[in-house]
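S.K.: Here is my input, please return the structure:
(chains A and B)
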Amino acid sequence: MRMLRWLFSLLLVASSCGLIRAAQPLLPPDRPIHEAIDHYVDARLAREKAKPAAQVDDANLLRRLTLDLAGRIPAVSELDEYTASKTSDKRAELVDRLMKSPEYVDHLAIELNTALTSGDKGNLREYLKTSIADNRRWDQMFRDMLLGDDADPKQKGAIGFVKSRIKDVDQLTIDVSVKFFGINVSCAKCHDHPLVDSWTQHYFYGMKSFFDRTFESGGFLAERETGLVKFKTVDGEELTAKLMFLSGEVIDQPGAKELTSDEKNKFEEKIKALAKQKKPPPPPTFSARRKLVEVALKPGGREMLSKAIVNRLFYQFYGQGLVMPLDQMHSANPPSHPQLLDWLARDFQSHGYDLRRLVRGLVMSQAYSRGSRWLSGERPSAKLFAVGNLRALTPTQYSRSLSLAAADPQQFTGEVKPEELPKRIASAANPGNAGLFEQPGEFFQISAAEALLLSNSDRIEGSYLRGGLVQRLKQIKDRKELIQTAFRSILSRDPSDEEIKLLSKYLGKREDRQEKACQQLVWALMASTEFRFNY
Amino acid sequence: MAKRSLSSFCGSPDHAISRRSFLGTVGAFTGGAAGLTALSQPALAAELKKKDKRVIMLWLAGGASQLETFDPKPGRPTGGPFLDIGTSVPGVRICELMPEMAKRLGKTTAIVRSLNTRDGGHGGGAQLMMRGRKDEPNIKYPDLGAMLARELAQADSQVPDYVAIYTESEGRNSAQLTSGFLGARYAPVKLNDKMGLDHVQRPKSISEIDHKERADLRALLSKRFVQGRESSVVNSHNMAYRRVKGLMASDKLFDISKEPQKIRDMYGKTQFGEQVLVARRLVEAGVPFVRVGRAWWDSHGQNFETHQELVPELDHVMSGLLDDLAQRGLLQHTLVITLAEFGRTPNINGSLGRDHFATAWSSSLSGCGINAGAVYGKTDKDGQRVKDGEVGAGELIATIFQALGINHEKEYHIGSRPIPLVNPGIMPIKDVLA
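M.R.: Next up is the predicted model:
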């Protein structure tokens, strides 16, 4: 008995020293998502003896959540309401309110569309809007995008993912692997991976084999019964690929062979003839693409599917994924919080691949609502999630926010029926100028062209400096009140005393041209770095 | 199992170290490895900034025919109707459509006749020739203009670093000029349809003093916000605004009415000629890299009519440019390049045209650091294959760097991963370098 107790204490000491870590089971599945996130993030912070930044204040949190869930800054009325509210779960209420709005659907559809399309390669926005509004399961969405039937209104447009890339099967192979599984196999096109032992060229060509039989004819996607992908190794050896998924699972198709060009042509003629009659091609009895979806959704594959979308959404809301870069999810590039990723993936799968549930959990954690300013020496690594990341607004977010900020705040705080307010806010947040701005990506830098645009463009001036806000401001006699109104409309917070002093001086010098002074004030706030980023 | 050279970053820490530094032959600061995010050593930075080299690239959009310019094959079935002429370099003959350049060749220009670049697509070829390499899945490489902007521009430059001037038929977005991972700081400034920069005029509704003080106010508010929040993208925001004043002042550079008629005549009255004159004004004012596109050389039909029109213009404009630079004492500091996505087929098709051809084609280099009169590489008698001295896009870019006194092995960094200016193992073409 004493021996046992001694052993137990030893184990306790050993585990608290981090000596026994790997064997610890995952947090139980009944915990809410946000708690699991904080559990694992805080555990690593403790291990590394790192202190996190403080939680943001109400105004900052409101702005962050509204940008992330509704794709715009908050309106003044929302700021007033949230900062005044004393309810204990006001954050949860806010999140639920935002996620119920049509703006949530639009914004997430745009973000996912950006993630899934490669710039000019096709547009899935309509399909994504419908699916997100319905909270369609992600595994089903994956199936839709690889196999989708345009005749079914729920899947309509989804197959565009494949169609828009079918002329370049190599690119299609890479895009499916990257966007759905977080794995960039393009390296393996030319050689085996130097460090990830299992990643041989067979991985690239194995995946390609699932797509190589598909082709487009007359707007339809057709698929041959059989076919083989051959490739050359670095040493010049010619090999034949098997249908192999990224998990390593091989699909055996006995009798698989390469068709002669004659056979291929005959088949294509047949499909063309059907297409002329607007008839879809007959599905093959053995569909390689269908097999891919099957394998991907089985154990072994579905973990990869889940982890990839979890990681991508983590990146979207936190500015940092659990695995970075997003398309290097492999054994030689471990996650910053491996157990958290496992837990989230497990939770995602066991709750019907529910995107809405995942998003809600992501934005409710303490890790999500950490401040972004770090003044005590070197900024901690982003991997720790100790401090919030700054994310440049997307073109739509920026355009909508500018538009909303330029509106007369009385529209929202004056006499409005409460049920009309959300619509009024949403329509004031107009995305009309989104095309003027660049989509942020990796290595994003803001260009001098944008600075020139904001500084000198008549269109910008017309859109934002002649509207309701400026008209309202010029009627305010009290300078402090004027400045506060401008700040609350544009920066979604109150000005500091120093800022009031600075801006009072600016206005004071321009008593002979107050309207212009107001315009310039509004401009300075709108063109500021603070406005440009989600912080 | 032999491994090809690895150039994709897979996120693993070991892969982040370059082979050369792993082997211990290259230290962190050798060869001017001024990192993007790391602070450059001040001495190194100062040395780099002393460079006063400039580049003007004449981009023959659509693919000019090497047989109707620098590598004629008169009398051959592939030669077409034009003859060749002698040049001021004994033994070197170019197309008869370029008499002005023929006179000057020995004093100004070297020719590379042995490009084999394998990509016959407008988009792919343009990307490849401008970047010296193809993008990786995880890396968007900066093009030559962006790299030269980075290498040659002054830190507090008041003029743009990289300007692209195009013709309507080439279009603004063709060739996808890009600063890649170097970021928007080095992105090309593209001119609008009126041959100026967009949004460089102060709006009439605001006075000069208010425009300035408004900008100062913006900067002050932003500076306070950025404290404790600095990152590459955040800093780029204020960097962009700091450049506004200088770019607005650059507007006058685009106005050639300020040039004496004598000078304007050297370039001629065509749009291309006027644009190249603008390019000269820009480099004279310190813009390191200007690319002028002349479209549309893509003569799938009527190749000979097209070239009969375009080549003499090129001849006149290019020789005018070289003369003008020379008389201003700028030629030894300015590199003038002719380049395109690819060349054209020796075989003449049914519409009397030549199609895309990346297998054996030419480029020319004039001025700074160039061994004038040199001809590198040979194609076979019909121009179907490179016979001698085959080079690719990388070699051409490496040569351009060397001509400008820039070490082509210098490395940029993405995070801790080193990225050389040209891919490892690529060597410049010594024969065309002075």
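S.K.: Can you report how many residues neighbour A:Leu393?
M.R.: Residues lying near A:Leu393 (other CB atoms under 10 Å in any protein chain shown) number 21. In short, each C-beta sits where N, CA and C put it, glycine included.
S.K.: With A:Asp497 instead?
M.R.: 8.
S.K.: can you check A:Leu507 too?
M.R.: 18.
S.K.: can you pull the contacts of the residue lying closest to it once chain neighbours are set aside?
M.R.: In space, and not counting its chain neighbours, A:Leu507 is closest to A:Ala517: 5.2 Å by CB to CB, 6 or more residues apart in numbering or on different chains. By CB atoms under 8 Å, 6 or more residues apart in numbering or on different chains, A:Ala517 lies in contact with A:506-507, A:510.
S.K.: Give me the buried positions along the host helix or strand of A:Ala517.
M.R.: Secondary structure assignment for A:Ala517, by DSSP states H and E: helix A:514-526. Residues of helix A:514-526 classed as buried by neighbour count (16 or more other CB atoms under 10 Å in any protein chain shown): A:516-526.
S.K.: pretty sure B:Pro420 contacts B:Asn407?
M.R.: No. Contact criterion CB atoms under 8 Å: B:Pro420 and B:Asn407 do not qualify, at 9.4 Å.
S.K.: who has more neighbours, these two?
M.R.: Applying other CB under 10 Å to B:Pro420 and B:Asn407 shows that B:Pro420 carries more neighbours, namely 20 against 16.
S.K.: so what's the more buried one closest to, chain neighbours aside?
M.R.: B:Glu411 (5.0 Å).
S.K.: Read off the pLDDT value for the spatially closest residue to A:Thr83 that is not a sequence neighbour.
M.R.: Spatial nearest neighbour of A:Thr83, excluding adjacent residues (CB to CB, 6+ apart): A:Asp58 at 5.0 Å. With respect to pLDDT, A:Asp58 scores 98.
S.K.: what's the distance between A:Asp58 and chain B?
M.R.: In this view, A:Asp58 and chain B are 19 Å apart by CB to the nearest CB, to the nearest Å.
S.K.: distance of A:Leu172 from chain B?
M.R.: Taking CB to the nearest CB as the measure, A:Leu172 falls 14 Å from chain B.
S.K.: For that residue, which three-state class applies?
M.R.: Assigned with DSSP: H, G, I helix; E, B strand; the rest coil, A:Leu172 falls in the helix class.
S.K.: same thing with B:Ser366?
M.R.: At B:Ser366 the chain is in strand, as set by three-state DSSP.
S.K.: Just give the number of residues close to it.
M.R.: 28.
S.K.: which residues does it contact?
M.R.: Residues in contact with B:Ser366, defined by CB under 8 Å, 6+ apart, are B:108-110, B:318, B:322, B:331, B:335-337, B:372.
S.K.: Can you check the pLDDT for it?
M.R.: With respect to pLDDT, B:Ser366 scores 98.
S.K.: Next one: it from chain A, what distance?
M.R.: Distance from B:Ser366 to chain A, by CB to the nearest CB: 30 Å.
S.K.: Excluding residues flanking it in the chain, which one is nearest the one residue in the stretch 51-200 of chain B that gets nearest to chain A?
M.R.: Nearest to chain A, among the residues of the stretch 51-200 of chain B, is B:Gly183, at 3.1 Å (CB to the nearest CB). By the measure of CB to CB, 6+ apart, the closest residue to B:Gly183 outside its immediate chain neighbours is A:Gln445, 3.1 Å from it.
S.K.: related to what we said a few turns ago, rounded mean pLDDT for the helix holding A:Ala517, please.
M.R.: In this model, helix A:514-526 has a mean pLDDT of 97.
S.K.: Next SSE downstream of that helix?
M.R.: Next element after helix A:514-526 (DSSP H and E): helix A:529-532.
S.K.: Figure out the helix or strand that A:Lys270 lives in.
M.R.: Using DSSP H and E, A:Lys270 falls within helix A:261-276.
S.K.: Figure out how far that helix is from the centre of its chain.
M.R.: In terms of CA atoms, centre = their mean, to the nearest Å, the centre of helix A:261-276 is set 41 Å apart from its chain centre.
S.K.: For the helix or strand following that helix, list every residue counted as buried.
M.R.: Sequence order places helix A:288-296 as the next helix or strand after helix A:261-276, per DSSP H and E. Using 16+ other CB under 10 Å as the test for burial, helix A:288-296 gives A:288-293, A:295-296.
S.K.: which residues sit in contact with residue 252?
M.R.: I'll assume chain A. A:Asp252 makes contacts with A:242-243, as judged by CB under 8 Å, 6+ apart.
S.K.: look at chain B instead
M.R.: Contacts of B:Lys252 by CB under 8 Å, 6+ apart are B:Lys258.
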